[in-house]
Structure formats: structure tokens, C-alpha cells
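A.B. asks: Sequence and predicted model, in that order:
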Amino acid sequence: MSDQILLRFLSAGLIDVGGDDAKLEKLRETVADLAAALKQTPSKTSSFALIAFDPASPEDDPVITEVCDALKERWPTYINTFSSTPMLVLRALLLDALVQAASDEKVGVAFIASARNALPFIEAGNEQKIWAEAVLEIESRVDARAEAEWATPESIHVPDMKYSAPSAIKISLPEVGIDAADLAQALVAAAVRGKGNPHWVTNDPQSWGTQFGNLAGQAIASSFNAALEDLQFKPIDIAGPLKILSQTVATHVGDTLALVSTATAGLQRRTNLIWWKETLYSPSARVSYRALPPSTVGALMALDLHQQVPTFSPVSVAAFLSETVLSLASVAPEKRQSVRELVGEVVKSAELAPLRAIARQLIPQPSGRGPILALLAEHEGTFAIDDTQFRARVGVPADTALTISEWAAWIFRELQAARATQEVVKAKKPGSRA
């Protein structure tokens with residue numbers, strides 16, 4: 001569908017280029033430029049989406065100015081084709097660019113978060129079907145990746161240990177032998193009277209034999225001992241091969257444990273969330289959720305859940321958050337408050353100071369329309385924006401009514417989107433616009 005957005009707007013009669021293919025091509029080129037810019041700066045995703053969704057978007061918003069400038073680069077005379085600022089054309093360009101840029105899943109996360117939050121409260125008219133199909137296409141792709149990251153495989157394949165045995169150790173022995181001449185000479189001396197044996201065999205055979213045995217034994221033993229001394233060799237050093245083997249085993253065990261840890265990460269994550277839901281304890285505020293007012297607890301739960309899960313999380317995680325909020329007896333399931341009131345309570349709540357701090361880290365300096373987190377980053381203690389300003393900044397009417405569980409899911413989605421698309425910036429002082 002990503003290459004058919006403009007055609008669908010044309011087919012629905014929402015935009016008109018007078019049947020001029022050259023003009024349509026200029027629009028397509030502009031879309032490609034905007035998509036490329038969005039991939040380079042994913043932090044613009046929420047602002048792009050909130051303008052694209054809204055038929056009542058203000059013409060002086062910075063996003064509209066950016067799209068007009070991009071269109072003018074490709075079509076310098078476009079203003080002559082339209083009697084006024086072609087807001088519907090510009091919004092169609094934004095939607096097409098968002099869908100194309102959503103091939104980068106960081107952009108996809110932010111786009112889906114903005115759509116799920118704002119679209120139900122914006123009158124899209126004849127555009128509704130186009131929006132719905134675009135959202136479903138991107139959401140299914142992003143959710144597929146998230147489900148894969150959270151899944152626990154039925155089995156874990158551990159590759160064989162990569163070890164090459166060292167070459168066989170060669171032991172070389174010196175050539176040795178008994179000097180036959182020396183041994184013969186010694187044996188002669190043992191047998192011949194006067195050369196070594198003082199006795200003579202014919203005079204005293206017993207004494208001669210005894211002396212011959214002693215002298216011959218000594219001669220033979222000396223010859224063998226001399227030969228054995230030549231057989232001595234240095235000890236074999238196997239410390240090197242053993243070290244390589246131990247390192248290989250350690251690496252293999254470490255890789256195996258990493259595989260197990262990765263494979264079971266989804267299970268561990270789900271287990272931790274169940275523990276969090278059962279304890280109903282806030283790790284950031286260090287207090288039981290039961291001790292907090294309902295208007296505070298929803299946003300705080302959203303923050304705590306955001307800090308426990310990765311950026312890519314299944315759609316079901318937001319539903320899990322809603323059910324956790326509703327498990328509190330203090331939360332009336334059907335009671336609604338205006339989104340403006342809810343923002344005002346977050347701004348002044350002491351327990352939600354960590355949420356405001358994270359908003360200041362994740363959201364760059366506010367400029368034009370953006371997520372509610374931008375308002376939380378900008379204000380502390382008091383909230384003095386009127387309904388008209390609120391509508392221009394957020395994209396939904398200030399009197400939009402939400403249940404506490406819906407409010408929690410809204411904040412959670414914005415936190416996930418902000419973390420996915422924006423680099424951490426230096427925290428700004430509350431209320432500072434410098």
C-alpha cells in the first residue's frame with residue numbers, strides 16, 4: 001500500500017491535479033524527500049503524524065511550513081495550481097511520507113503510537129478508510145517484530161564448540177648404546193688375575209668366582225647406568241594447549257548462557273510484569289499504587305511499565321497496562337476526565353516528578369504540534385494553556401474525555417514512541433523555552 005497513498009487520495013476525489021501526470025510525479029518526488037528527511041530525523045514522526053491526521057491543523061505550524069518548502073523545491077509554481085494553502089494535499093504528502101519512512105521501525109513505533117492515541121478523537125471524514133489501512137499495515141509489521149523479541153522458543157540450538165586440537169607433541173629420544181669394547185675390557189679385568197681379580201681360578205676357584213661376579217656385575221651395571229643417563233630429556237610443557245582449551249571452553253559456555261538468556265528474555269520479562277501487577281507497587285515513586293489518587297496512578301503506572309519493557313513491545317502490553325490500572329479499587333472503570341484536566345494534574349503532582357523529568361530528557365525543545373509529553377516537559381506546577389492553544393499543540397480537543405486506563409495507555413505509547421525516535425537531550429529547566 002505504501003506506494004498507493006497519493007493514488008487513493010486522488011481516487012477518493014480528496015485531491016485533484018487535473019489529470020496531469022507531471023504534477024503527480026512532482027508530488028511523489030516531494031513524498032520521497034519528506035520520507036528521507038523523516039528517516040534522518042525520526043524525532044519528527046509524532047509532529048508529522050499529528051498534523052497529517054487532523055483536517056483542522058493550523059496552517060502556521062512548522063510542519064506545514066516544512067512540507068510547503070519541500071513541495072516548492074520540486075514544484076516551484078505549485079501555488080498557482082491552488083487558490084490557497086492546499087492543506088489536504090500537504091496532509092496526503094505527510095501520510096505517504098510516514099508510510100514510506102515506517103520501513104524504519106523506529107518511525108513505525110512513533111507513527112502507531114500517535115495514531116492509536118489521537119485518531120479516535122479526530123474527525124477524518126472521507127479519509128478514514130485510508131488512514132485505517134495505513135495504520136493496520138504498519139502496526140502489523142511493528143508488532144511482528146515485537147512479538148518475536150518477546151517470544152520464548154520451544155528449543156535452543158547450541159552450536160558445537162569451536163576447538164582445534166593442537167598438533168601432537170613429538171618426543172625425540174637420543175641415540176644410546178653400550179660401549180661393547182669398554183664392557184669387554186672390564187669383564188676381562190674381572191676374569192684375569194692381576195688385572196682386577198686377585199685370585200686365580202685353578203688355585204681358589206670359589207674366591208675367584210665370587211670376585212669375578214662382583215667385578216663383572218659392577219662393570220655391566222656401570223655400562224647400563226651410563227646408557228640410561230643419555231636417555232634423560234626435558235619435561236614437556238603443556239601449559240599453552242591447556243590454556244587455549246580452557247579459554248575455548250569458557251567462551252563456549254559464555255555463548256551458551258547468552259543464547260539461553262536471549263531465548264528466555266521474553267519469559268523473564270512477562271514474569272516480571274506479572275509480579276509488578278500482583279504487587280501493585282511503584283518502583284519509581286516507591287509507594288503502593290493504592291495509596292495514590294486515580295488521576296495520578298494511571299500516568300505513574302505508564303511510566304513504571306515503560307521503564308520495564310523494551311522499545312519494541314507488542315500491542316498487548318498496552319492492554320496489560322489498562323487491565324492493571326482497572327485492578328485498583330479506587331479506579332472507576334467508566335469515569336472520564338478531560339485530557340486537559342489530566343495533563344494539569346500530572347504537571348502539579350509530586351509523585352509524577354520522574355515522569356516530567358523523563359519528558360524533558362526525551363522531548364526536544366517544543367515547536368508547534370507534538371505529543372502531550374512536550375507539554376509535561378515544558379510545564380511544572382501550573383498549567384495555564386487555554387483550550388485553543390491546547391488543541392493547536394496536541395491535535396485533539398482539550399475536552400477530549402478519557403478513562404484513567406485510556407490515559408495510562410496514552411502516556412505509555414508516547415513514552416515508547418519518544419524513546420524509539422529521539423536521542424536523549426540535556427534536561428531543560430521547567431518552564432524554560434531557551
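C.D. replies: Thanks, I have the structure now.
A.B. asks: the strands in the stretch 201-350 of the chain, which residues?
C.D. replies: With strands called from DSSP state E, counting those that start in this stretch, the stretch 201-350 of the chain shows them at 281-282, 287-288, 337-338.
A.B. asks: Can you give the contact residues for the first one?
C.D. replies: Read that as strand 281-282. For strand 281-282, contacts defined as Cβ atoms under 8 Å, 6 or more residues apart in numbering pick out 287-289, 292, 300-301, 304, 351. From N, CA and C alone the C-beta is placed, and that goes for glycine too.
A.B. asks: what's L402 sitting at in phi/psi?
C.D. replies: Dihedral angles phi and psi of L402 (degrees, to the nearest 10) take the values phi -130, psi 150.
A.B. asks: ok, what's across the strand from it?
C.D. replies: As for beta bridges, L402 partners with Q337 under DSSP bridges.
A.B. asks: What pLDDT is listed against it?
C.D. replies: With respect to pLDDT, L402 has a value of 96.
A.B. asks: likewise A52?
C.D. replies: pLDDT, A52: 91.
A.B. asks: filter the contacts of strand 281-282 to the buried ones?
C.D. replies: Among these, those buried by neighbour count (16 or more other Cβ atoms under 10 Å) are 289, 292, 300-301, 304, 351.
A.B. asks: Relative to V188, which of those is nearest.
C.D. replies: D304 (103.2 Å; Cβ to Cβ).
A.B. asks: hmm, back to that, need the contacts of strand 281-282 in JSON lines with distance to V31, can you?
C.D. replies: Shown next, in JSON lines, are the contacts of strand 281-282 (distance: Cβ to Cβ, whole Å):
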{"residue": "V287", "distance to V31": "49"}
{"residue": "S288", "distance to V31": "50"}
{"residue": "Y289", "distance to V31": "45"}
{"residue": "L292", "distance to V31": "46"}
{"residue": "L300", "distance to V31": "40"}
{"residue": "M301", "distance to V31": "39"}
{"residue": "D304", "distance to V31": "39"}
{"residue": "E351", "distance to V31": "44"}
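A.B. asks: Among the buried ones among the contacts of strand 281-282, name the ones in helices.
C.D. replies: 300-301, 304 (DSSP state H).
A.B. asks: Save those as a markdown table, and put in pLDDT and distance to N214 too.
C.D. replies: Formatted as a markdown table, these follow (pLDDT from 0 to 100; distance: Cβ to Cβ, whole Å):
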| residue | pLDDT | distance to N214 |
| --- | --- | --- |
| L300 | 96 | 103 |
| M301 | 96 | 102 |
| D304 | 96 | 97 |
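A.B. asks: Lovely, talk soon.
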